[in-house]
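[1] My questions concern the predicted model and sequence given below.
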Amino acid sequence: MKTNTTPDFETLVESYYRLLLRFAVSLCGDLDSALELTQRAFLVALKREEPLRKPRQAKRWLFTIMFSEFLRRRRLERAI
């Protein structure tokens, strides 16, 4: 019997949600913005599917996505 070693998206969320949220709070400074940023990072990750194809790199991908989204949002806020 062959076991599937590729995690599903729900497993990624369960594994990394708290770590990402903690990082988001440190970036944003408030919980509401951090929750939104965390959700956005997982949404982008889901669309890219990269963390699912390379599970060993999932944590790094998710943190990179989150930081990129944070920078993108800051640039947009400053442009307004």
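    Happy to help now that I have it.

[2] for the chain, what are the low-confidence residue spans?
    Per-residue confidence of the chain (counting by pLDDT under 70) places the weak regions at 1-7, 49-52.

[3] mind redoing it with 90?
    When residues are selected by pLDDT under 90, those of the chain lie in 1-12, 45-58, 77, 80.

[4] Tell me, how many residues neighbour residue 80?
    If you count neighbours by other CB atoms under 10 Å, residue 80 ends up with 4. Backbone N, C-alpha and C define where each C-beta goes, glycine included.

[5] now the helices: where do they sit in the chain?
    All helices of the chain, identified by DSSP state H, fall at 9-28, 31-48, 50-53, 58-79.

[6] Give the other helices and strands that the last one contacts.
    With contacts defined as 3 or more CB pairs under 8 Å, 6 or more residues apart in numbering; DSSP states H and E, the packing partners of helix 58-79 are helix 9-28, helix 31-48, helix 50-53.

[7] Thank you kindly, that will do.
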